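Asks: Okay, here's the prediction I keep looking at, along with the sequence it came from:
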Amino acid sequence: MSDDSPLSEKRSPGRLFLPSLTFSYFATGPIGVLTGLLLIDIGVTFGCDVGVMGQINTGYYVAAVIFGLFMGVLSVRFRHKSLLMVGLLFIGISGLGCYLASNFNLMLILYSLSGVGMAMVSPMAISLIGEHLPLEKRGNAIGWIIAGGSLSYFIGAPITGFIASLWGWRIVLLGFVIPVSLASLLLTFVGLPSASGSLQLELSKGTYLGSFKEVLSNRSAVACLVGSILRSIAWMVILVYGISFFRQRLLPPKGSEGSASVIILVAALLYTLGSLVCGRFLNRFGRKPLTVLTVLLSAIFTIVFTSVPNLWLSLALNFLGCWFGGMGASAVSSLTLEQVPKFRGTMMSINSAAMNLGSALGAALGGLTLVLFDYEVLGLALGAMGVVAAIVFQTLSVDPTRT
């Protein structure tokens, strides 16, 4: 059984606890929305084509992977609230730096700082859920946090497009990215408990490498990490290449930008709802069964939607993939959180690095697949990784909260 420490029996962390964590997850998204929608415009500013300018995303993921591993040590030494707030500060600094950047190299370095911020915010937000909420409330809370990340795309896309159309991409940083990160920083300062509890203080005196050993010697924990990498690879088909597939294959060339924006909004909304709905079913069906089912269904729909020549049917399959993708994100995080209760911060930090590694591999492998083959092979090759992820979760992972 999972170790529900005495922390879960302490007084309620307060009404602002969950909104603070949800908004902190929201704050990691706007700068990614900026590059997702306006990469062409940013490239024009610095005299780079899209392929070169897109390397700022590579820098983002590399920074997130490296610092995610580093966070495994920091999470034992420092309070999770403090680390989360520093991560939000990094995102704000990154936004300001990108606004002031005068060339591509500076943009690459300063944009990578947002990857560092995300590597701090994401695992600490979920770790705080495990630290301060009882087991039966964690699944629903994680669903809300995951929803906060996807809502940043649903809300941020139209805001970013509107600001950029009037004043250019740099003003998006001043008018949206930086204010959101600072507002989230203030909310977490006020809304999160200052004390992390005696368990965290006691662990901080131990060996830091011991926390890695506890995670990496646990077969189920390693299975969750491998599953997260494979699932993230598969998810890149929808997240990175899905819109390009519709614009190049199924949407009329004229006005495809507007249609693509609508697809992004609907997909983000369904991902959000999926993550929220998942929290309702976790206690009833269990973390492991729900993880296996949702990861498998998301992978199947990912494989199929790129092979359907009909626009509406392909869209329906894509949207189902987004729905189950949101459910899968919440279920996987809930299962992973319970693997090593004594070192939740380390576990979630390594998991964050694993997911970012999978995203980087998925984006790179997807691009190579499109150069050599086509979208059908892309969906099959990367989507199959999601099927393998479901098999890994089923055969090798264990839900510690159930005997």
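Replies: Everything's here; your move.

Asks: residue ranges with poor pLDDT in the stretch 101-250 of the chain?
Replies: Along the stretch 101-250 of the chain, segments meeting pLDDT under 70 span 195-208.

Asks: Next, count neighbours for residue 351.
Replies: 27 (other Cβ atoms under 10 Å). For the C-beta atoms, the positions are set from N, CA and C on the backbone; glycine is no exception.

Asks: In the longest helix seen in the chain, which residues are buried?
Replies: Of all the segments of type helix in the chain, defined by DSSP state H, the longest one is helix 135-167. Neighbour counts over helix 135-167 (16 or more other Cβ atoms under 10 Å) mark 135, 138-157, 159-161, 163-164 as buried.

Asks: and what of stretch 69-83?
Replies: In terms of neighbour count (16+ other Cβ under 10 Å), stretch 69-83 has its buried residues at 69, 71-76, 78-83.

Asks: start to end distance for stretch 245-259?
Replies: End-to-end span of stretch 245-259 (Cα to Cα, to the nearest Å): 13 Å.

Asks: Please enumerate the helices of the stretch 51-200 of the chain.
Replies: In the stretch 51-200 of the chain, the segments counted as helices under DSSP state H, counting those that start in this stretch are 55-77, 80-100, 104-132, 135-167, 169-172, 178-191, 198-203.

Asks: if we can go back for a sec, the longest helix of the chain packs against which elements?
Replies: Using 3 or more Cβ pairs under 8 Å, 6 or more residues apart in numbering; DSSP states H and E, the elements in contact with helix 135-167 are helix 17-27, helix 30-46, helix 104-132, helix 169-172, helix 256-285, helix 311-337.

Asks: Format these as CSV; extra columns: mean neighbour count and distance to residue 91.
Replies: Putting these into CSV (neighbours: other Cβ atoms under 10 Å; distance: least, Cβ to Cβ, whole Å) gives the following:
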stretch, mean neighbour count, distance to residue 91
helix 17-27, 23, 6
helix 30-46, 20, 7
helix 104-132, 25, 4
helix 169-172, 20, 14
helix 256-285, 19, 19
helix 311-337, 25, 20
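
Asks: To residue 377, which of the ones you listed lies closest?
Replies: For residue 377, the closest of these is helix 311-337, at 16.0 Å, according to Cβ to Cβ.

Asks: re earlier: identify whichever of the helices of the stretch 51-200 of the chain lies nearest to residue 238.
Replies: helix 135-167 (12.1 Å).

Asks: how close does the residue sitting furthest away from the middle of the chain sit to residue 247?
Replies: Most distant residue from the mean C-alpha position of the chain: residue 254, 32.5 Å away (Cα atoms, centre = their mean). Residue 254 sits 11 Å away from residue 247, going by Cβ to Cβ, to the nearest Å.

Asks: and if you look at residue 281?
Replies: Distance, residue 281 to residue 247, using Cβ to Cβ: 35 Å.

Asks: Give me the angle between the longest helix of the chain and helix 30-46.
Replies: Relative orientation of helix 135-167 versus helix 30-46 (axes from the mean of the first three to the mean of the last three Cα atoms, to 10 degrees): 30 degrees.

Asks: Number the chain from 28, please
Replies: Shifting the count to begin at 28 puts that one at helix 162-194.

Asks: Let me know the angle separating helix 162-194 from helix 131-159.
Replies: Between helix 162-194 and helix 131-159, the angle comes out at 150 degrees (the same axes, to 10 degrees).
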